[in-house]
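In: just coords:
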């Protein structure tokens, strides 16, 4: 088995193969005995990515490219969460909402949908800061007003 390949058996005899940050499900089997070939498809149903297992235990990707973007989007999400934690722990005092918005602004727009909500990220940043003994600066009443005005502006744009 190639390095980086992990095969896992789940309930009801369902096997999954993890290879190059993609997850594959069994698609079809062709042949018998030593000539048996097993084709695996990307777990994202609309994706065309395929993996061939031949001879048994040896995996190679086929010519078909992944169109799901699963790999790069997941990596962008993980990188953003790491950066969020790094920025939180590297500062002396934290204004959680500013750090969250800065990291979200730098993320590729295609992968933002994988991120938790802004409030959830803000609570996460606050928790990390408190665990590290870093001062957390709370939003003032002016910040709430400013944020609600921008929210109203965005809402009006969406209705038009």
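Out: Here it is on my side, so go on. Note that the coordinates shown come from a computational prediction; the quantities given were computed from them, not determined experimentally.
In: Only C-alpha atoms from now on, for both contacts and neighbour counts.
Out: Fine.
In: from what I can see residue 38 touches residue 32, true?
Out: No - the pair residue 38 / residue 32 is not scored as a contact, 10.3 Å apart, by Cα atoms under 8 Å.
In: okay, those two: which has more neighbours?
Out: Set residue 38 next to residue 32 and count neighbours by other Cα atoms under 10 Å: residue 38 wins out with 19 against 8.
In: same for the longest helix anywhere in the chain, what does it pack against?
Out: Longest helix in the chain by number of residues (criterion: DSSP state H): helix 70-90. Judged by 3 or more Cα pairs under 8 Å, 6 or more residues apart in numbering; DSSP states H and E, helix 70-90 is in contact with helix 96-106, helix 118-131.
In: any chance of the ones you listed in TSV, plus mean neighbour count, mean pLDDT and distance to residue 47?
Out: Formatted as TSV, these follow (neighbours: other Cα atoms under 10 Å; pLDDT from 0 to 100; distance: least, Cα to Cα, whole Å):
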stretch	mean neighbour count	mean pLDDT	distance to residue 47
helix 96-106	16	88	27
helix 118-131	17	90	29
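In: Present those helices as a markdown table; the columns should include distance to residue 45.
Out: Rendered in a markdown table, the data for those read as follows (distance: least, Cα to Cα, whole Å):
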| stretch | distance to residue 45 |
| --- | --- |
| helix 96-106 | 28 |
| helix 118-131 | 29 |
